[in-house]
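A.B. asks: Mind looking at a prediction? Sequence and model below.
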Amino acid sequence: DIQMTQSPSTLSASVGDRVTITCRASQSISSWLAWYQQKPGKAPKLLIYKASSLESGVPSRFSGSGSGTDFTLTISSLQPDDCATYYCQQYQSYSIAFGQGTKVEIK
Amino acid sequence: QVQLVQSGSELKKPGASVKVSCKASGYTFNNYAMNWVRQAPGQGLEWMGWINTNTGNSTYAQGLTGRFVFSLDTAVSTAFLQISSLKAEDTAVYYCARGPYSNSWYNYWGQGTLVTVSS
């Protein structure tokens, strides 16, 4: 099975900062990667699919990049509403897997 | 608009069974697979598997025991997750989720159903 590893586990940054979260796959997944945002008590919300395609309605400060095994989610200018946990998900194989999550906090 | 509405929270004793429902609306139910994802308290997301809404065939995540069964009632556009012989470690929020393909990202999620297993 393909394993997904995110880093860091927790991230603290100031409003307006550029924030980057990394996700690494244990084997190549081409561009079959999605990113989600989850706030406490809520279902995950899709942000990015196919590694870099922005889901409709998601603010343009969110962007995704990468292919193969290494991927990043970038928030260009962190906003208070971005406090959440972020998960990557691979869907290259029929055994789908999520990363362990990255919690983003405001300093 | 697409909606996935799940059944309410459940409190069960160890050894009991529970059936969580996920009612779909706003699209043709048979055209899209339904997936299940769980999240234990304070933990990350865990993919459980999916059910083909045309054939009723299910694919389960490796390691998921036979205590977990996906099913359908296509007449009412509803998917079900049944868990038998409940254990304390089954305590989690269970989500149904749908994407554009059978193996894809999920752009629609249910609101989640909390299943608590406690004596």
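C.D. replies: All right, it came through fine. Just so you know, these numbers come straight off a predicted model, no measurement behind them.
A.B. asks: State whether B:Pro41 and B:Ala88 are indeed in contact, as I suppose.
C.D. replies: No - B:Pro41 lies out of contact with B:Ala88 (CB atoms under 8 Å); the separation is 11.1 Å. The way it works is simple: take the backbone N, C-alpha and C, and place the C-beta from them, glycine included.
A.B. asks: Give me the contacts around stretch B:96-103.
C.D. replies: A:91, A:94, A:96, B:2, B:4, B:6, B:22, B:24, B:32-37, B:50, B:52, B:79, B:81, B:105-110 (CB atoms under 8 Å, 6 or more residues apart in numbering or on different chains).
A.B. asks: Just the CA atoms of that stretch, as PDB, please.
C.D. replies: Output in PDB follows, covering the C-alpha atoms of stretch B:96-103 (Å, rounded to 0.1, in the frame of the first residue of the first chain):
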ATOM      1  CA  CYS B  96     -19.700   9.100   3.600                       C
ATOM      2  CA  ALA B  97     -18.100  10.900   0.700                       C
ATOM      3  CA  ARG B  98     -18.500  11.100  -3.100                       C
ATOM      4  CA  GLY B  99     -16.200  12.100  -5.900                       C
ATOM      5  CA  PRO B 100     -16.500  12.400  -9.600                       C
ATOM      6  CA  TYR B 101     -15.100   8.900 -10.200                       C
ATOM      7  CA  SER B 102     -14.900   5.600  -8.300                       C
ATOM      8  CA  ASN B 103     -11.200   6.300  -7.500                       C
END
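A.B. asks: If we go by neighbour counts, what in it is buried?
C.D. replies: B:Cys96, B:Ala97, B:Arg98, B:Gly99, B:Ser102, B:Asn103 (16 or more other CB atoms under 10 Å in any protein chain shown).
A.B. asks: State the three-state secondary structure for the second one.
C.D. replies: What it means is B:Ala97. Under DSSP: H, G, I helix; E, B strand; the rest coil, B:Ala97 falls in the strand class.
A.B. asks: For beta bridges, what are the partners of it?
C.D. replies: B:Asn35, B:Trp109 (DSSP bridges).
A.B. asks: chain center to the helix or strand hosting A:Ile48: distance?
C.D. replies: When elements are assigned from DSSP states H and E, A:Ile48 belongs to strand A:45-49. In terms of CA atoms, centre = their mean, to the nearest Å, the centre of strand A:45-49 is found 8 Å from the chain centre.
A.B. asks: picking that back up, just the ones in strands from the contacts of stretch B:96-103, please.
C.D. replies: B:4, B:6, B:22, B:24, B:34-37, B:50, B:79, B:81, B:108-109 (DSSP state E).
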